[in-house]
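# This is the structure alone, sequence omitted:
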């Protein structure tokens, strides 16, 4: 896959993630310069999982975020469309239920989950607004949505530094740590193509969520977006 735009081919993206699955978490930790665990902690705190709740982790990859949520005593379902990611996840986290699933056609009934989350995966979905609508559908009335995704730093200086890192430093880091540097070229381009915080907030509202808001992490390199399924309607 030579370039990334918002017209992604699911089979190509899935195959790419299959290939990078064994070293995916390690490479992400290196690329984030140690921030990935802090972002994961912020996601867990924002979702605020409770014992007995049922939580859906979409685009869960190898289940690293799912395992963090499950420590609360919640029942977590990790859904991903990459069989390679799921195979690695099942070996690492046998306590987590993994399901192969397309985010735009989730294999679950209506109003099954207390919370739904997707971390660094929405931009890899071919039709992200359909995925948001699907997460609304499977949430119980009043259910919580949390989207963690790369975003646009509001500071021009931060945008400049981040852009330089992505263009010059990231290829060197990926070449040393990843099993497929070309795949991370796609990921870098997908980040550059992704809309900013206000636009994603509009998409979430358009899907039917209320109480929509966001909070920047790491100067806006990453943003946490929240929403709720309306209690009625």
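That came through fine. Keep in mind that what you see is a predicted model, and the values were worked out from it rather than measured.

# Residue 104: what's it in contact with?
Residues in contact with residue 104 (Cβ atoms under 8 Å, 6 or more residues apart in numbering) are 125, 126, 127, 130, 131, 134. To be clear about C-beta, it is placed using only N, CA and C from the backbone, and glycine gets the same treatment.

# What helix or strand is the fifth one located in?
Per DSSP states H and E, residue 131 falls inside helix 128-138.

# and that helix, how far from the chain's centre?
When C-alpha coordinates are averaged (Cα atoms, centre = their mean, to the nearest Å), helix 128-138 and its chain have centres 13 Å apart.

# would you turn the contacts of residue 104 into CSV with neighbour count and pLDDT?
As requested, these are exported to CSV (neighbours: other Cβ atoms under 10 Å; pLDDT from 0 to 100):
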residue, neighbour count, pLDDT
125, 23, 90
126, 15, 88
127, 16, 94
130, 15, 97
131, 25, 98
134, 23, 98
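
# Going toward the C-terminus from the least confident helix or strand in the chain by mean pLDDT, what's the next helix or strand?
Least confident helix or strand, the chain: helix 24-31 with a mean of 56, by mean pLDDT, DSSP states H and E. Note on helix 24-31: by DSSP H and E, the next helix or strand toward the C-terminus is helix 36-47.

# The helix or strand that comes right after that following helix pairs with which strands, parallel or anti?
Counting by DSSP H and E, the element after helix 36-47 in chain order, helix or strand, is strand 54-58. Strand 54-58 has the following sheet partners, assigned by DSSP bridges: strand 75-80 (parallel), strand 113-119 (parallel).

# Can you report the mean pLDDT over the residues of the first one?
Averaging pLDDT along strand 75-80 gives 96.

# again with the longest one
Averaging pLDDT along strand 113-119 gives 97.

# do stretch 204-214 as well
Mean per-residue pLDDT for stretch 204-214: 98.

# follow-up on the earlier one: I'd like the contacts of residue 104 written out as TSV, with distance to residue 40 added.
Shown next, in TSV, are the contacts of residue 104 (distance: Cβ to Cβ, whole Å):
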residue	distance to residue 40
125	20
126	25
127	26
130	26
131	20
134	23
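
# What is the most widely separated pair among those residues?
Spatial extent of the contacts of residue 104 (Cβ to Cβ) is set by the pair 126 and 134 at 12.6 Å.

# that older thread, how about the strands paired with strand 54-58, which one is nearest residue 138?
Of all the strands paired with strand 54-58, it is strand 113-119 that lies closest to residue 138, at 5.4 Å by Cβ to Cβ.

# got the contact list for the closest one?
Residues from elsewhere that reach strand 113-119 (Cβ under 8 Å, 6+ apart): 39-40, 43, 47, 49-50, 53-59, 65, 69, 74, 77, 103, 131, 135, 138-140, 143-149.

# distance between that strand and the chain's centre?
In terms of Cα atoms, centre = their mean, the centre of strand 113-119 is set 10 Å apart from its chain centre.

# gap between the most centrally placed residue in the chain and residue 100?
In the chain, the C-alpha nearest the mean C-alpha coordinate belongs to residue 119, at 2.1 Å (Cα atoms, centre = their mean). Separation of residue 119 from residue 100 (Cβ to Cβ, to the nearest Å) stands at 18 Å.

# and if you look at residue 166?
Counting by Cβ to Cβ, the gap from residue 166 to residue 100 is 30 Å.

# same check, this time on residue 221
Relative to residue 100, residue 221 is positioned 30 Å away (Cβ to Cβ).

# okay, these two: which has more neighbours?
In terms of neighbours (other Cβ atoms under 10 Å), residue 221 is the more surrounded of residue 221 and residue 100; the figures are 21 against 14.

# That one and residue 59: what is the separation?
19 Å.
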